[in-house]
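*Asks:* model this:
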Amino acid sequence: MQDTGTLQNHSHDFSGGASRKDNGDFTTDKRVLLLVAMAVVVGTGGALAAWALINLIALVSNAVWLFKISTEPLSFTTVARSPWMVAAPILGGLVIGLMARYGSEKIRGHGIPEAIEAILIGGSRMSPKVAVLKPLSSAISIGSGGPFGAEGPIIMTGGAIGSLFAQLFHLSAAERKTLLVAGAASGMTAIFGTPIAAVMLAVELLLFEWKPRSFIPVVVAACVSIIWRPMLISSGALFPAHFEMALSWWSILFAVGLGIISGLQSGLLTTLLYRIEDAFEKLPIHWMWWPALGGLVVGLGGLVEPRALGVGYDIIADLLHSRISAGAVLAILLVKAGIWLVALSSGTSGGVLAPLLILGGALGWLVGLVLPGDPGFWALLGMAAMMGGTMRAPLTGTFFAVELTGDMNALVPLLAATVAAYAVTVLLLRRSILTEKIARRGQHITREYGIDPFELTRAADIMMSKVDTMPATIRLSEALAQMTERPDAHRFYPVVESDGRLVGMISRADALRWQNRPELGEQSLYDMISDSSIPVVHAEDTVGRVADVMIQADTGRVPVVEAQTGRLVGLITRKDLLRLRSAGNRAELERGAYLRSRS
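*Replies:* Sure thing, here's the model as predicted:
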């Protein structure tokens, strides 16, 4: 008897390695150290990519609007209204359409859904073409006036860097995923200076797991990126702010109320986005021309409110410090929402995070005019709530707002507002702005994490203890008669010795094959099957291990034996695994008031 999941005379391991019962709380092994070393390289690559993207956006922006070569950030307050304000976004959209059609369709959209698709469908493999074309197309889109941010493109670009680096080595799809997400987190960290929020974004949106194997390398990459950031971009919080708010218990209720309003705003924008995208799908022209049409709307919106164009980081700063009028905030809110919805629906290239911050912050600032305290404080809560509700990532939204401003005092109201918005959008909409597009392509995504019941349940809990067996000493002819002539015969029988030790399994297929060989009739079952290997499990093994053994042995039944003696103690079938799944569903759906029933 061997403790490797197989009863056999010639060695063959059906268990796939060490028994699950030998593992601790986590399945991570020493290969995580290799991934950590790789994450250092990927984190550096993500930071450098963020630096390149920021400078590329500034370069294109200055060239398009001021006709000069410079990498200084451009504020659209310095851009005068003119026919060029309409023409530039149209030309930028045309260039992006050409790049998408003749380069790669992966550059269309805001980047995060494409990264999710690469993880779930593409084995975490991205092409070098995406790593080059995505930041270039985003720079053209944003630089020509597109109302987008750099975070979606850098998540896609950083992810591509991590994926390409991983593809140089012999790694599994799970390990490639870890480095892809590490690259995405490092890019976001470098852009915004928010390593904790970047890690939370990885956990809530991209990893689809929470394991040390992936969590540790992602954190390492984010930390490496934040180390590089002062040398490449800047140091400190991106929008430093501190709010002297005397918060009491009722202020949390105001935060929750603002979160509910932001959740409704998020649901409305998400619904409108896909309604407009459906309208583009009905146009009788090739999708290559759609970004140019979106550019037309962007340009017309720029004539109404020029500050609605571009990334708009200066607007975020003005909202937080209340250096803006109510009329300007209302105009930016309406125009930014309109041009962002149309431009993003057209399939151009750009991120959603900065626009969400502006739209949520603008509404929060306006609501804050009738609430106690600084409107900038309520703008911050609106930003976090809008981000957390729209992306269905409440912890990311909360920590993102704290790291953007450096104000820890706002943590509790931020959490209240963000979770309230999250609750509203989860109840109102089946999918988020990030997953709806993937779902429309036929890929269903679940965003809920839970412990696998197969890993919490032992084989002893689901096995059949009373098992019909055949003695190893029985003649083959008698065994065949039992299996083929009795109406209550099973398809499989464990074969045991007199002391209960398992010898093997006999199936009805074996019986039918041996029926045509009468010369074997006087032999014992032991003689026929003792040389056959058979997968086994032990009562203390997890059901997850049982399932692994079934899959690797391509069998629907696994005997359960004592580890030391090899004595048969039970049998597990595929139906038993399904019953466990059914029990989990009942725990979710069946409700009862037990204390009330007792009384």
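*Asks:* which element follows the helix or strand where Leu404 lies toward the C-terminus?
*Replies:* Leu404 belongs to helix 394-405 when assigned by DSSP states H and E. Scanning forward in sequence from helix 394-405 by DSSP H and E, the next helix or strand is helix 411-428.
*Asks:* hmm, back to that, now the helix holding Leu404 against helix 411-428, angle please.
*Replies:* Per axes from the mean of the first three to the mean of the last three CA atoms, to 10 degrees, the angle that helix 394-405 makes with helix 411-428 is 140 degrees.
*Asks:* mind giving me the packing neighbours of helix 394-405?
*Replies:* Here helix 394-405 touches helix 173-192, helix 195-201, helix 375-390, helix 411-428, going by 3 or more CB pairs under 8 Å, 6 or more residues apart in numbering; DSSP states H and E. Using the backbone N, CA and C atoms, a C-beta is placed for each residue, glycine as well.
*Asks:* take those and lay them out in CSV including distance to Leu293.
*Replies:* As requested, the helices and strands packed on helix 394-405 are exported to CSV (distance: least, CB to CB, whole Å):
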stretch, distance to Leu293
helix 173-192, 29
helix 195-201, 31
helix 375-390, 24
helix 411-428, 29
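*Asks:* and the ones you listed: which comes nearest Ala547?
*Replies:* When those are ranked by proximity to Ala547, the top entry is helix 173-192, at 18.0 Å, counting by CB to CB.
*Asks:* where in the stretch 101-250 of the chain is pLDDT low?
*Replies:* 110-111, 120, 247 (pLDDT under 70).
*Asks:* for it, what spans make up the helices?
*Replies:* Under the criterion DSSP state H, counting those that start in this stretch, the stretch 101-250 of the chain contains helices at 112-120, 128-143, 151-166, 173-192, 195-201, 212-232, 249-281.
*Asks:* can you put these in CSV and add mean neighbour count and distance to Ala420?
*Replies:* As requested, the helices of the stretch 101-250 of the chain are exported to CSV (neighbours: other CB atoms under 10 Å; distance: least, CB to CB, whole Å):
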stretch, mean neighbour count, distance to Ala420
helix 112-120, 23, 23
helix 128-143, 24, 31
helix 151-166, 30, 23
helix 173-192, 30, 23
helix 195-201, 26, 18
helix 212-232, 21, 27
helix 249-281, 18, 3
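*Asks:* CSV please, covering those helices and showing distance to Ala88.
*Replies:* What follows is these, written out as CSV (distance: least, CB to CB, whole Å):
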stretch, distance to Ala88
helix 112-120, 26
helix 128-143, 9
helix 151-166, 19
helix 173-192, 24
helix 195-201, 32
helix 212-232, 28
helix 249-281, 21
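*Asks:* nearest to Pro306, out of those helices?
*Replies:* helix 128-143 (14.7 Å).
*Asks:* that closest one: how far from the chain's middle?
*Replies:* Averaging C-alpha positions (CA atoms, centre = their mean, to the nearest Å) puts helix 128-143 23 Å from its chain's average.
*Asks:* one step back: contact partners of the helix holding Leu404?
*Replies:* 192-197, 200-201, 203-205, 237-242, 320, 380-381, 383-389, 391, 408, 410-411, 414-415, 418-419, 421-422 (CB atoms under 8 Å, 6 or more residues apart in numbering).
*Asks:* for these, which ChimeraX command selects only the ones that are buried?
*Replies:* The ChimeraX selection below is limited to those of the contacts of helix 394-405 classed as buried (16 or more other CB atoms under 10 Å):
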select :192,193,194,195,196,197,200,201,203,204,205,237,238,239,241,320,380,381,383,384,385,386,387,388,389,391,410,414,415,418,419,421,422
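*Asks:* what about the strands in the stretch 1-150 of the chain?
*Replies:* For the stretch 1-150 of the chain, strands defined by DSSP state E, counting those that start in this stretch occupy the ranges 6-7.
*Asks:* circling back to that earlier point, of the helices of the stretch 101-250 of the chain, which is nearest Arg447?
*Replies:* helix 112-120 (10.2 Å).
*Asks:* quick one: list the elements packing against the closest one.
*Replies:* helix 151-166, helix 173-192, helix 436-440.
*Asks:* what would those helices look like in CSV with distance to Val41?
*Replies:* Compiled in CSV, these are given as follows (distance: least, CB to CB, whole Å):
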stretch, distance to Val41
helix 151-166, 6
helix 173-192, 9
helix 436-440, 29
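*Asks:* Leu333 is nearest to which of those helices?
*Replies:* helix 151-166 (20.2 Å).
*Asks:* report how many residues lie close to the residue lying closest to His538 once chain neighbours are set aside.
*Replies:* Closest residue to His538 apart from its sequence neighbours, by CB to CB, 6 or more residues apart in numbering: Ala563 at 4.8 Å. When neighbours are defined as other CB atoms under 10 Å, Ala563 has 17 of them.
*Asks:* sec struct for Ala563, please.
*Replies:* Under DSSP: H, G, I helix; E, B strand; the rest coil, Ala563 falls in the coil class.
*Asks:* can I get the CA coordinates of stretch 402-416 in CSV?
*Replies:* Output of stretch 402-416 as CSV, limited to C-alpha atoms (Å, rounded to 0.1, in the frame of the first residue of the first chain):
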residue,chain,number,x,y,z
VAL,A,402,-7.1,57.9,0.8
GLU,A,403,-3.8,57.4,-1.1
LEU,A,404,-4.7,60.1,-3.7
THR,A,405,-5.1,62.7,-1.0
GLY,A,406,-3.0,61.3,1.9
ASP,A,407,-5.9,62.0,4.3
MET,A,408,-6.5,59.1,6.6
ASN,A,409,-9.1,60.9,8.6
ALA,A,410,-11.6,60.4,5.7
LEU,A,411,-11.2,56.6,5.8
VAL,A,412,-14.4,55.6,7.6
PRO,A,413,-16.8,58.0,5.7
LEU,A,414,-15.1,56.9,2.5
LEU,A,415,-15.7,53.3,3.3
ALA,A,416,-19.4,54.0,4.1
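*Asks:* chain center to it: distance?
*Replies:* That offset, for stretch 402-416, works out to 24 Å (CA atoms, centre = their mean).
*Asks:* what are the buried residues along the helix or strand harbouring Met550?
*Replies:* Using DSSP H and E, Met550 maps to helix 543-553. Applying a neighbour-count criterion of 16+ other CB under 10 Å, one finds Val543, Gly544, Arg545, Val546, Ala547, Asp548, Val549, Met550, Ala553 buried in helix 543-553.
*Asks:* before we move on, what about stretch 33-46?
*Replies:* Leu35, Met38, Ala39, Val40, Val41, Val42, Gly43, Thr44, Gly45, Gly46.
*Asks:* C-alpha coordinates for that stretch, CSV please?
*Replies:* Extracted C-alpha coordinates of stretch 33-46, given in CSV (Å, rounded to 0.1, in the frame of the first residue of the first chain):
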residue,chain,number,x,y,z
LEU,A,33,10.2,33.1,-4.6
LEU,A,34,10.9,32.8,-8.3
LEU,A,35,7.8,34.9,-9.1
VAL,A,36,8.9,37.5,-6.5
ALA,A,37,12.2,37.8,-8.3
MET,A,38,10.4,38.2,-11.6
ALA,A,39,8.0,40.7,-10.1
VAL,A,40,10.9,43.0,-9.3
VAL,A,41,11.7,43.1,-13.1
VAL,A,42,8.0,43.4,-14.0
GLY,A,43,7.4,46.2,-11.4
THR,A,44,10.3,48.2,-12.9
GLY,A,45,8.9,47.6,-16.4
GLY,A,46,5.5,48.8,-15.3
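*Asks:* nearest to the spatial middle of the chain, which residue is it?
*Replies:* Among the residues of the chain, the one closest to the centroid is Leu206, at 2.7 Å (CA atoms, centre = their mean).
*Asks:* what's the spacing between that one and Glu114?
*Replies:* 11 Å (CB to CB, to the nearest Å).
*Asks:* likewise for Ala241?
*Replies:* 33 Å.
*Asks:* again, but for Lys437
*Replies:* Distance from Lys437 to Glu114, by CB to CB: 9 Å.
*Asks:* check contacts around the nearest residue to Pro128 once chain neighbours are set aside.
*Replies:* Leaving aside its sequence neighbours, Pro128 sits nearest to Leu164 (CB to CB, 6+ apart; 6.1 Å). Residues in contact with Leu164 (CB under 8 Å, 6+ apart) are Met126, Pro128, Ala131.
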